[in-house]
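what follows is a predicted protein model with its sequence.
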4 protein chains.
Amino acid sequence: MRPTPSSSAASDHATLADRYAATRRLTVDLVAPLTEEDCCVQSQTCSSPTKWHLGHTTWFFERFVVRDALGLEPYSDAFEYVFNSYYNTIGNRQPRARRGVLTRPGLGEVLAYRDVVDDRVERALREGSLPEQAREVVELGLNHEQQHQELLLMDIKHLFSCNPLGVEYASDASAEGAAISGMGWVAFDEGVRPIGQDLGTDPRVYDNEGPGHRVFLEAFELADRLVTNRDYLEFVLDNGYERPEHWLDLGWQAVQANGWQAPLYWSERDGDWLEFTLSGWSALELDTPVAHLSLYEADAYARWAGARLPTECELEAAWDRRACDGAMLEDRVFHPSASGSGETGVRQLMGDLWEWTSSSYGPYPGYAPPPGAVGEYNGKFMCNQYVLRGGCCVTPRAHLRPTYRNFYEPEARWAFSGVRLARSV
Amino acid sequence: MRPTPSSSAASDHATLADRYAATRRLTVDLVAPLTEEDCCVQSQTCSSPTKWHLGHTTWFFERFVVRDALGLEPYSDAFEYVFNSYYNTIGNRQPRARRGVLTRPGLGEVLAYRDVVDDRVERALREGSLPEQAREVVELGLNHEQQHQELLLMDIKHLFSCNPLGVEYASDASAEGAAISGMGWVAFDEGVRPIGQDLGTDPRVYDNEGPGHRVFLEAFELADRLVTNRDYLEFVLDNGYERPEHWLDLGWQAVQANGWQAPLYWSERDGDWLEFTLSGWSALELDTPVAHLSLYEADAYARWAGARLPTECELEAAWDRRACDGAMLEDRVFHPSASGSGETGVRQLMGDLWEWTSSSYGPYPGYAPPPGAVGEYNGKFMCNQYVLRGGCCVTPRAHLRPTYRNFYEPEARWAFSGVRLARSV
Amino acid sequence: MRPTPSSSAASDHATLADRYAATRRLTVDLVAPLTEEDCCVQSQTCSSPTKWHLGHTTWFFERFVVRDALGLEPYSDAFEYVFNSYYNTIGNRQPRARRGVLTRPGLGEVLAYRDVVDDRVERALREGSLPEQAREVVELGLNHEQQHQELLLMDIKHLFSCNPLGVEYASDASAEGAAISGMGWVAFDEGVRPIGQDLGTDPRVYDNEGPGHRVFLEAFELADRLVTNRDYLEFVLDNGYERPEHWLDLGWQAVQANGWQAPLYWSERDGDWLEFTLSGWSALELDTPVAHLSLYEADAYARWAGARLPTECELEAAWDRRACDGAMLEDRVFHPSASGSGETGVRQLMGDLWEWTSSSYGPYPGYAPPPGAVGEYNGKFMCNQYVLRGGCCVTPRAHLRPTYRNFYEPEARWAFSGVRLARSV
Amino acid sequence: MRPTPSSSAASDHATLADRYAATRRLTVDLVAPLTEEDCCVQSQTCSSPTKWHLGHTTWFFERFVVRDALGLEPYSDAFEYVFNSYYNTIGNRQPRARRGVLTRPGLGEVLAYRDVVDDRVERALREGSLPEQAREVVELGLNHEQQHQELLLMDIKHLFSCNPLGVEYASDASAEGAAISGMGWVAFDEGVRPIGQDLGTDPRVYDNEGPGHRVFLEAFELADRLVTNRDYLEFVLDNGYERPEHWLDLGWQAVQANGWQAPLYWSERDGDWLEFTLSGWSALELDTPVAHLSLYEADAYARWAGARLPTECELEAAWDRRACDGAMLEDRVFHPSASGSGETGVRQLMGDLWEWTSSSYGPYPGYAPPPGAVGEYNGKFMCNQYVLRGGCCVTPRAHLRPTYRNFYEPEARWAFSGVRLARSV
């Protein structure tokens, strides 16, 4: 368990150009262990090829900075089509499910594209020729780049898990297992709490985190650590996947339709449980938090355990009682770690695993999407998805903040998602 | 527009046996215009045959009162299988999508089954031989029966709409069109508001309406009437169904996948707009509220109109500013009516159409489903559905209350659903 | 086992009007055991409601005789839409998969429609006012009516089999089980054989039976009786449904996708095998021919048994060695019967069960569909279907002839289909 | 148009080892223009990645020669799983639809695997240490390799066609367009004809080409050349894709379900027709044979043109009237060519395009699959596929023979398939 660092002070002092360069370089660094073939393939519709992540994040800067703000010509009309993700405002695009057929441009060409765009953006930043609004878009683009760093690793993990040969992304860097105690509870009083924050104060904040507003919370309690593989295995062995009474109706349908019997990357061979990680297959570590759950599984587990999922506001309110951050991308373990037991407070609230909440992803009071293409970034997805909070072991530290709202469909399992229990008083 | 009646005082004086008899009789009365064939067919997976509604509501009383409380033998083992809806706790059952293949038992046999069960329940009620808990289940069963009265009419409307011959359920009973004014706004202050109510105070209250708790509402405004066909037609003619920028991402997918171009029961022939009602096809009445929208359409309309959907708490908070109730089942018009214009307040809040909210259907703080099969009634559906409030023209008046939460998937269109605009201040 | 009658001499002497009346009356007679509800429902996409069969066969005469030949107005424009099956030449129609939503017109109205059309056709026939070509269409219509008599019973059998209450169409009329011998073989020499017949000689002949032409057959042998339930059960108990080596690739896919473990209407309960028949559920009779197989099952069985399926030409060539006809519709047993053992020859070639062949349904040399709507009757289905020969226990005797080609998709199982083994020498 | 060579005499003189080396080398040569990324991706379920073709063809020799005949250990257990195609007899395997997720083993590893296996096989061949039966399997493996050479190019063409950037496999090598005349007809008399050939005489012959047997053919005529783009464009412009009367029922369903408006690789932009070839997009050449048709389109065209498709026996019988072979793989034009007009006879019967027939792919009289895994090669696919004859511009010349039966599902369009008209007399 790593100690909690003193906020993101470092980044405050860095210039935007430096942060731009560092963030962009990190993405390319993450690709180093991969072959050209690894970078090209799409293993499921909701994943993208690594190469596409590299191209799309570049396109974001080209489109909204190089073209809209600097007024330069596009690097390639074809790339405009190929690397647009979901912006209807901008135009037609390669269908999401078909990103994997793009064997051309090759990885080398995409990296060259990155160089050209980076050169243009960095020069403009260092020359100070970008207007204030464009600098805000650069901030948004870096935020966006960080999201794709995480997605890239999620997608590679899925791809490698599909390979019967057992591929490793990184050698196993997990530290000696930390001690772990039984689950404790942290109590919170009822009251009106501020939630979210307005756009503009912190340039990194997404539109969906605001406006800042007030929410009344009834008294509640949160578990002081994440649910572990040991905890969850008990549910599995209690035939949790065979008893409909624990499940939401849609959850039970998903269990039956997909034949789920355990979390996504678990596998049972002759009575032993294995887990696939970015370091390949290994025996299930019992003290480690259980990862790669759908909302349905998180909810069923909580019900079985006599508790419930927290709401997103409860987790946000808990932020000032946070203790012992979990692993994040900079730790380069690419896997959650045991929570430790020394400190009092809500451990692992930041890092290790995104925590499912019972909160449907929707607009805050007074929310309106920004005008233009950037307005498609968040608002149009506010239906049938659920909020996760706190970040995970493949999220860059600088990307996280108490008001950050991540979201996935309730059946999604390929994110680094886990579960923290809550209960009403 | 009908005046607002003085609460449900009448029902307070009725004995439970009388209400039982009246409620059960009403269901059979609603079937009078139908042929045996009409009663047998299932026109879509989410609908049920009329005959199945008749049998299932009877099974509910048989199962939870006649058998569990009175200890009598089942009328028929086969009916136990055939008329269970979704209670895993009770056992296997006819698959939902296959309720329409049950040409046997015939309508006559199902009506005979109703008579036997009614006879047993009524006798027990009049003799006073039912324990308190069983009387509560009878209340739940009447609530349940009323839901199915509405469902039965929704399902028949869908069935008849599929028939190229143009079938009528009832002759057109709509009153002379009321005058209708432009849309006004009613303002509400910020503050902590009580929401929901605890089980037990009112025997009719469902578990999902509680526990009573507090919610902080930022200041908001509600439209004083529902959106009309005239309003909505403007959206349609402005190519609302062809412009992705108005739609949620899932909504736009639904528009394209289903080829939606207008609300469910609208049809355009040579430039004229027709609407299918339970009185058959007729010219679209422009002052009538627009009905049979999905959440996606309600949301897209609101966005286009520069407003938003209300939350369920906002609509509940508005209940004491309610004016001019809309049509309900007892009015036997089977269609929403124009809102009138005379009174100040939130018109049509009760009746006419269920109003979509932006609130995902989820548990209130401290909610836990009741033990046993009855616990499957509501709780397991709390995912990927959205709340509607206020009741509609085919809801029995006694079924409605300010805390009542109806819910459907966002793509559902066959309920009598409409839209009221809201905005933040 | 019934003796072989001396051809269809009787029908030769009947006038066309008499045959028209008798054939049309028989259809209505077959409906007598059914309720209105039974007649309305469609239990699978490839089935039609009984009421639709009644209406469609009537529409055929109305469309092609009453309107085209007599020039009378349509009985109802709506019926024109509702009862057209698949004639693109004629116009739009109720989609096949949605025939079951037509609760109106009711059964009574459809029977009234029959009466009106029958009255017009019969009068014209008795008056002799129909031109020769129209009389040929009447013949075609009677042929068509007979096909629908069989389809109606196939479809009712499927509908009733879906009902958990166990519905019977007819009381069990099966005769005392005939004696049955081991399987013998009948040998045929190589040589050029005439196959099919030209249109025009026999007015009942369909276009797909011609032109008459020559085919060279290598020497072959046919089993002297159909495969029985006893034979087939041996295959099932030898894990026939679990061993891919017996199956066509598409067959094995169908086994896995549908979870097939036995013929369509078999069911195993606690080690006992039951069979659903039009007389309800009963113990599997071992001497009776195995029925309701897909082509895949017929083929897998033959492979397992060291034999193969016959070609359609081999079965046609065998017709003059035919012995001991099986049950047909007039026998009113609605089920195949044991083959007997007394006679030498190819038993059950006519009646009992349609026999799957390895012959894809295609055009004979020189075949061209007739002009106009009637040309859509057969020709456009000549792809990915396989020929069955010989007729079954619910086929009217007069409908059958040596050159008759029935056809279904290879996965179809709801026809009365069985298997006869063949082998090359 | 190339002159007809004097049979395959050259290959008779080559030793098997030489032919093995040459055939295996050709496959690798074909891959030269591709990147690693091109070789890894699967663009549709029925296609395979290039790398998989390279591995699977190698596995075939390893499995059936190196292991079964030479008794050596497998190169890799994982490859055994990964490169098995569809042999149930051998064991589990990578699902066909998921061949594209195998980014490992990389292209280099697969080529190394080829080298190892080739070394073992060639050494055994040159040492003469292989028994006769194993030498037959080598012949089968070379036949199999040639099939995959063609498949590899079909699959790459499809992959490249999906790329919006317009990728080329080869520069345009098409010769100056040959002159082309109107369509002539070649007449054939009725009579009994020998069809197919027995296994064993020619080591290259597949099991499905035998046994040799006799077929009676009625008199018929064949067009002296393939249908051209000019011919077919006329059908398109006559609204051929909008008129159901030209189509088989399943064909019309395919047109509507897939939105077909022209052959697979045609595209219309502002009134001009383009065609995608292995040399990229270019203007449609009108004299070139129309390619990449489904059976449905071939059949609809023939019907529209007042003709019909030939049967496979008719095309086999025409082989001795063959003139002017079309392009084959060795010509390295990768595209069909205009037929020329000089010679009398059936031009392009061999090469240019596979010719759809109306013959369903089924067993010849007396056919039985060989024992063991090799028996799965052909026999189990004999259902719902149709025969094509003659070879195409990406088929190796040595792979073709008059009795050769290719087969695809009727909706398949990515093969180099065309149409020759036939008619009965």
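Yes, it's here. These numbers were taken from a predicted model, which means no experiment stands behind them.

list the contacts for the closest residue to A:Y265 other than its chain neighbours?
The spatial neighbour of A:Y265 that comes closest, neighbours along the chain excluded (C-beta to C-beta, 6 or more residues apart in numbering or on different chains), is A:F276 at 4.1 Å. From N, CA and C alone the C-beta is placed, and that goes for glycine too. Listed by C-beta atoms under 8 Å, 6 or more residues apart in numbering or on different chains, the contact set of A:F276 reads A:K157, A:F160, A:S161, A:Y265, A:S267.

now, which of those sits nearest chain C?
Taking C-beta to the nearest C-beta as the measure, chain C lies nearest A:S267 of the contacts of A:F276, at 22.3 Å.

what's the neighbour count on the closest one?
Residues contacting A:S267 under the criterion other C-beta atoms under 10 Å in any protein chain shown number 15.

now A:D325: how far from A:G390?
9 Å (C-beta to C-beta, to the nearest Å).

looking at the two, which is more packed in?
With neighbours defined as other C-beta under 10 Å, A:D325 and A:G390 compare such that A:G390 has more, 29 against 22.

and the pLDDT for that one?
pLDDT for A:G390: 97.

who are the contact partners of it?
With C-beta under 8 Å, 6+ apart, A:G390 has these contacts: A:L315, A:Q348, A:L349, A:M350, A:G351, A:D352, A:L353, A:W354, A:E355, A:L400.

switch the cut-off to 7 Å
If you count contacts by C-beta atoms under 7 Å, 6 or more residues apart in numbering or on different chains, A:G390 has them with A:L315, A:L349, A:M350, A:W354, A:E355.

within the helices and strands, which one has the last one?
Just to be clear, that refers to A:E355. Assigned by DSSP states H and E, A:E355 falls within strand A:354-360.

equivalent analysis for the first one, please.
Taking DSSP H and E as the criterion, A:L315 maps to helix A:312-317.

one more: the third one?
Counting by DSSP H and E, A:M350 is held by no secondary-structure element, helix or strand.

can you name the residues of the stretch 301-425 of chain A that neighbour chain B?
A:358, A:360, A:362-363, A:365-366, A:380-384, A:410, A:424 (C-beta under 7 Å from any C-beta of the partner chain).

looking at those residues, point me to the pair that's furthest apart.
Spatial extent of these (C-beta to C-beta) is set by the pair A:K380 and A:S424 at 32.9 Å.

these two: who's more crowded?
A count of neighbours by other C-beta under 10 Å puts A:K380 above the other of A:K380 and A:S424, at 21 against 17.

quick one, phi/psi of that one?
Dihedral angles of A:K380 (phi, psi; degrees, to the nearest 10) stand at phi -80, psi 0.

quick check: it touching B:D249?
Yes: using C-beta atoms under 7 Å, A:K380 is in contact with B:D249, at 4.4 Å.

where does chain A dip in pLDDT?
Across chain A, residues meeting the criterion (pLDDT under 70) sit at A:1-14, A:173-179, A:341-342.

give the buried residues for the biggest helix by length in it.
Secondary structure of chain A read by DSSP state H shows that its longest helix is helix A:132-161. Neighbour counts over helix A:132-161 (16 or more other C-beta atoms under 10 Å in any protein chain shown) mark A:134-161 as buried.

A:R104 touches D:C162, doesn't it?
No: using C-beta under 7 Å, A:R104 is not in contact with D:C162, being 10.6 Å away.

who has more neighbours, these two?
The neighbour comparison of A:R104 against D:C162 (other C-beta under 10 Å) goes to A:R104, with 20 against 17.

got a list of what the more buried one touches?
Here A:R104 is in contact with D:N163, D:L165, D:V167 (criterion: C-beta under 7 Å, 6+ apart).

same deal with A:E312?
A:E312 neighbours (C-beta under 7 Å, 6+ apart): A:T357, A:S359, A:V387, A:R389, A:R405.

ok, now how distant is the residue lying closest to the fourth one once chain neighbours are set aside from chain C?
Just to be clear, that refers to A:R389. Excluding its sequence neighbours, the residue lying closest to A:R389 (C-beta to C-beta, 6+ apart) is A:L315, at 4.3 Å. Noted for A:L315: a distance of 44 Å to chain C, by C-beta to the nearest C-beta, to the nearest Å.
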